[in-house]
Structure formats: C-alpha cells, structure tokens
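Engineer: Fold the stuff below for me.
(chains A and B, ligands or ions: 4)
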Amino acid sequence: MSDQDITFTIDGVEITAKPGQTIMEAADEAGIYIPRLCDHEGLRHQGGCRVCTVKANGRSVAACTQPAAAGIAVENENTHVNKMRRDLVEMLFHEGNHLCPICEASGNCELQAMAYRLEMVDPTRFPYLEPCRAVDASHPDIALDTNRCISCGRCIRASKDVDGKGVFGYVGRGIHRRVAVNGEDLAHTDADAADHAMSDEVCPVGCIIRKRVGFVTPIGEREFDKGLIGYEIEGKRRG
Amino acid sequence: MAEPRKARIATTSLAGCFGCHMAILDIDERLIELMKLVEIDRSPLTDIKRFTQRCDIGIIEGGCCNEENVHVLRDFRRNCDVLIAIGQCAIMGGLPVMRNAIMHSDAPLRECLEEAYITGRYIRNTTHDIPNDPALPLLLDEVYPCSEVVEIDYQIPGCAPTGDVIYETLTSLLAGKFHGFDRMHIKFD
Ligand code: SF4
Ligand code: SF4
Ligand code: SF4
Ligand code: FES
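Structural biologist: Ligands and ions are numbered 1, 2, ... in the order given. As a prediction, this is how the structure comes out:
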C-alpha cells in the first residue's frame, strides 16, 4: 500500500484502491465480485448495461466506471441492489429472443449465468418484445444471431481497439439502438475467425457464433456448471 | 389417530413435449416417498381426465398455443390452490414460442403452417392442405407463457428440470419450507 492509496468499504469490508481505479477494479482485486455484462477485462469501460449498479453513499452508480473515492460506503450485495440488477437482466431477456434450450451458448452465457446468480425464477411481470431479427450466416466461419444480442458493445470495442478493424458498430437511437456490421453482411466485412472480437470470451451471449464448434463441450460441462458467475473473482478472497 | 390427509396433485401437459412429465418420473425410487405424501388426481400419469376434487397443487408443463390449452390452464387455476409452471415451455413459451418471432414474417403463424404442411422440402402431404378439421383446437395467434394467461405461484426452470430439483421443490413446498432454489441448480436448459 502506497500513501496515495485510498480506502473505502464494500458491504462493510475495507478495500484498498490505487488512485484512478474504478470501484469494480478495486473490488476485483479484493476478491469481491460485482455483477457486470458490458464490462470485460482488456476492453475499455463503457458503462452501458448498468448491471454493475452499486450504491455509493446511497447513490446508484455504475461500479465499472465510477472511480473509487476515499471513505465511500459501497453497497453491493443486498436485496434492493440485486433486485434492480435482476430487473435489468430480465429486461434484456425480454428485449431479444432468448431460447436457452436451443442456444449453443447455454451454460457458457454470461446473461444466463447472471440470471442464475440473481435468481431470475419468478413469474415475469414484463412483456416479451419478440423482435423479428434475421440470422446472418453469410460468413464461412462465423454466424451472427442478433436475436440474442444485448447491445453490450464488447464486440465493437474488441474489433476497434484490439483488432484495429471496426467490424461492428451501433446503429439507431434509444430503444432502437442495435449493433450491426459495417457492411452488407458479415461476409462483406474484414471479419476473421481469429479476431479477438470473434473469440468466445468477447460476446457474453450466443450472438457471435463460431461455426462448427458449438457443441464440442456438452451441456452440463460448461463454464457456469463449475460455479456461479463471478466464482473466479470470489475465489481470490482470503478467509 | 387418523392419518393426515395426503396432498392432492394434478398435472397437465399443454404446449410441451412431455419431457417435463418424464422428468417428474425421473425422481426414480423417491416416487415411493413422494406417494406417501401425495395422491395424484387429474393427470396424464393417472389418465384421469377431469378434476375429481379440489387439488392442493397443479403442475403445468408447456405454454398455451391453442384455445384448449387456455381452457385447461384456467380449469387448473380454478381447481388448484397452488399452480407450478414446470420447464421453459410453461415459463416462457419454450421451443413453440419460436413461431412468434423467428419466422421473419408479418404472418408468422401462416408461414409456420405453410412450411410445416405445404412448402417444406421434406413434406409428403397428398392433400396439400393445412389441417382444418373443426375437431382440432383453434391455434392462437401466438404462443403464450402460462403466467400471461393465469396467475402462476411458482416456476421450476429447466428443459427439463432435473428429477432432483423437482423432488426437492415438491417436498419442500409440501412441508411449507420452500425458500427458493440452490442457485447452482437453476438451469434454463
Ligand atoms: S444467449 Fe444466453 S440467455 Fe440468450 S438464449 Fe443463449 S444461453 Fe439463453
Ligand atoms: S454481438 Fe455480442 S458482444 Fe456484440 S453487442 Fe451483441 S451481445 Fe455484445
Ligand atoms: S421445457 Fe423442455 S422438456 Fe419441458 S416440455 Fe418444454 S421442451 Fe419439453
Ligand atoms: S458492467 Fe458496468 S455498466 Fe455494464
């Protein structure tokens, strides 16, 4: 700990942060998991999905973009905060077409895993929007099923900042904002299966699909069969 | 002293594949334990077609894709104290709900039927008709999850849920001790 380090608390536990760190970065280092969907290691923060909402001194803030500040009291795991997150996650399910039983991402999907962690099991109160979205299977190695896209923008940032390409971008505004490819279809972009944007870690759901690998790992032996989403970060915590 | 009354359970399969009923049987030999606590009224498992009396628990597999499903579901709501939607079909429409939106069509139901009975590449339908017998239940415009039609008290997610989850949920509900699922056992597939 250097003298510039700051301390604050998350759910009463004292945390140390380096100057400039976000609440989430400091929490990750301390082994405290804050739920997230649009934030991803190695990509620039976007602060779009708000699933990482915490209360900082009573105010709702996005933990992935909010800088840690000395002395703040952050609430992360409580019924109220988790209910807000659950509602957000549920709305993401309702905004697209999420048929987990036929989705090849099932078991590896962060949206689904978040629904498990946040116990999204009660009868829904929201309408299903059931949009009609075409699947883009034009590319020889990659397919896009935007019925499952949650507009998190991770592919946009990965393609632009890591691959230096810009295969994806946002189109439209407000509730109509969608992620689209910069071209007639994916085959008419410079997308490549080796791009970081196409790797299985970037798209949190089953929208960017690499062809011919879907069921190599069977249902029941996938990432979130090993533990609740966040288990790796929580596993870092001592004592 | 008289034995306590057994809880009465009814079950039905609406727009489902019967997989969730198979999963109920998948509780294996614990069925013997369960049958000490319950008796089964109206259900495809007993082949009883109508409620013989009011039931404590109604278990619904599948959502509503036709008017008969709606009729049966409402009958269950009227005759059961607690309604449980079991499986993704009952909870969010499941696989049948694909016909609502994924057809890229202004008339998804028509397109679905035409492909199934007329234009599909592997169809052998000598009459070239979409079945239209008056005895067939009228299809709904869309497939509806159970909770959009009646009030649902509990949902057991999965496609199908495991026998373990079904057994745990039923026995803890019967004991008045159901406090939600172990999060590692919540699955939507
Ligand atoms: S993307 Fe995730 S939430 Fe959506 S259908 Fe696939 S597994 Fe389910
Ligand atoms: S395609 Fe995947 S990574 Fe890109 S915005 Fe949609 S959900 Fe996010
Ligand atoms: S949830 Fe799955 S197993 Fe149950 S009826 Fe539907 S398709 Fe069949
Ligand atoms: S993870 Fe913070 S807003 Fe999405």
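Engineer: what's the closest non-adjacent residue to the residue nearest the centre of chain A?
Structural biologist: For chain A, the residue whose C-alpha lies nearest the mean C-alpha position (CA atoms, centre = their mean) is A:Leu37; its distance is 1.6 Å. Leaving out its chain neighbours, the residue that sits closest to A:Leu37 by CB to CB, 6 or more residues apart in numbering or on different chains is A:Cys49, at 4.4 Å. For every residue, glycine as well, the C-beta is placed using N, CA and C.
Engineer: Verify the stated contact: the one you found with A:Ile150.
Structural biologist: Yes - between A:Cys49 and A:Ile150 there is a contact under CB atoms under 8 Å: 7.2 Å.
Engineer: still on that earlier bit, give me phi/psi at the residue nearest to A:Leu37?
Structural biologist: phi -90, psi -30 (degrees, to the nearest 10).
Engineer: burial count for it?
Structural biologist: Using other CB atoms under 10 Å in any protein chain shown, the number of residues around A:Cys49 comes to 26.
Engineer: gap between it and ligand 3?
Structural biologist: Using CB to the nearest ligand atom, to the nearest Å, A:Cys49 is found at 28 Å from ligand 3.
Engineer: For A:Asn78, see how far away that residue is.
Structural biologist: 20 Å (CB to CB, to the nearest Å).
Engineer: With adjacent residues omitted, what lies nearest to the residue in chain A that ligand 3 sits nearest to?
Structural biologist: Nearest residue of chain A to ligand 3: A:Pro101, at 5.7 Å (CB to the nearest ligand atom). Among residues not flanking A:Pro101 along the chain, B:Cys159 sits closest, at 3.7 Å (CB to CB, 6+ apart).
Engineer: what's the burial count for the one you found?
Structural biologist: Neighbour number of B:Cys159 under other CB under 10 Å is 24.
Engineer: ok, it to ligand 1 distance?
Structural biologist: Relative to ligand 1, B:Cys159 is positioned 11 Å away (CB to the nearest ligand atom).
Engineer: what's the answer for A:Tyr231, then?
Structural biologist: Distance from A:Tyr231 to ligand 1, by CB to the nearest ligand atom: 18 Å.
Engineer: for that residue, phi and psi?
Structural biologist: Main-chain torsions, A:Tyr231, degrees, to the nearest 10: phi -60, psi -30.
Engineer: How about the backbone phi and psi for the nearest residue to it once chain neighbours are set aside?
Structural biologist: Spatial nearest neighbour of A:Tyr231, chain neighbours left out: A:Tyr33 (8.0 Å); criterion: CB to CB, 6+ apart. Torsion angles at A:Tyr33 (phi, psi; degrees, to the nearest 10) stand at phi -90, psi 130.
Engineer: which residues touch A:Tyr33?
Structural biologist: Counting by CB atoms under 8 Å, 6 or more residues apart in numbering or on different chains, A:Tyr33 touches A:27, A:230-231, A:233-234.
Engineer: which of those count as buried?
Structural biologist: Listed as buried from the contacts of A:Tyr33 are A:27, A:230, A:233; burial here means 16 or more other CB atoms under 10 Å in any protein chain shown.
Engineer: ok, now how distant is A:Met91 from chain B?
Structural biologist: A:Met91 sits 14 Å away from chain B, going by CB to the nearest CB, to the nearest Å.
Engineer: Could you find the closest non-adjacent residue to that residue?
Structural biologist: Using CB to CB, 6+ apart and skipping residues adjacent in sequence, the residue nearest A:Met91 is A:Phe126, 6.2 Å away.
Engineer: Now do the helices in chain B.
Structural biologist: With DSSP state H, the ranges of helices along chain B come out as B:19-25, B:30-37, B:67-79, B:88-92, B:98-101, B:108-114, B:163-174.
Engineer: Could you tell me which residues of chain A lie near ligand 1?
Structural biologist: Counting by CB under 6 Å from any ligand atom, the positions of chain A adjacent to ligand 1 are A:98-100, A:103, A:105-106, A:109, A:111-112, A:148, A:205-206.
Engineer: Hmm, B:Cys89 is touching B:Gly16, no?
Structural biologist: Yes - counting by CB under 8 Å, B:Gly16 is a contact partner of B:Cys89 at 4.4 Å.
Engineer: Who are the contact partners of the spatially most central residue of chain B?
Structural biologist: By CA atoms, centre = their mean, chain B has its centre lying nearest to B:Glu61, at 1.1 Å. Shown in contact with B:Glu61 (CB under 8 Å, 6+ apart): B:11-14, B:16, B:18-21, B:86-87, B:89-90.
Engineer: Got a quick PyMOL command for the buried subset of these?
Structural biologist: To isolate the buried members of the contacts of B:Glu61 in PyMOL, using 16+ other CB under 10 Å:
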select buried, chain B and resi 11+12+13+14+16+19+20+21+86+87+89+90
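Engineer: Including distance to ligand 1, could the contacts of B:Glu61 go into CSV?
Structural biologist: Formatted as CSV, the contacts of B:Glu61 follow (distance: CB to the nearest ligand atom, whole Å):
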residue, distance to ligand 1
B:Thr11, 26
B:Thr12, 26
B:Ser13, 23
B:Leu14, 22
B:Gly16, 18
B:Phe18, 23
B:Gly19, 18
B:Cys20, 18
B:His21, 23
B:Ile86, 18
B:Gly87, 15
B:Cys89, 14
B:Ala90, 17
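Engineer: count of neighbours near A:Leu183?
Structural biologist: Quick fix: residue A:183 is Gly, not Leu. Residues lying near A:Gly183 (other CB under 10 Å) number 13.
Engineer: same deal with A:Glu119?
Structural biologist: Neighbours around A:Glu119, by other CB under 10 Å: 14.
Engineer: Equivalent analysis for the one 5 residues further on, please.
Structural biologist: A:Thr124 has 18 neighbours, counted by other CB under 10 Å.
Engineer: sorry, back to before: wait, the residue nearest to A:Pro101 sits on B:Gly87?
Structural biologist: Yes - using CB under 8 Å, B:Cys159 is in contact with B:Gly87, at 5.9 Å.
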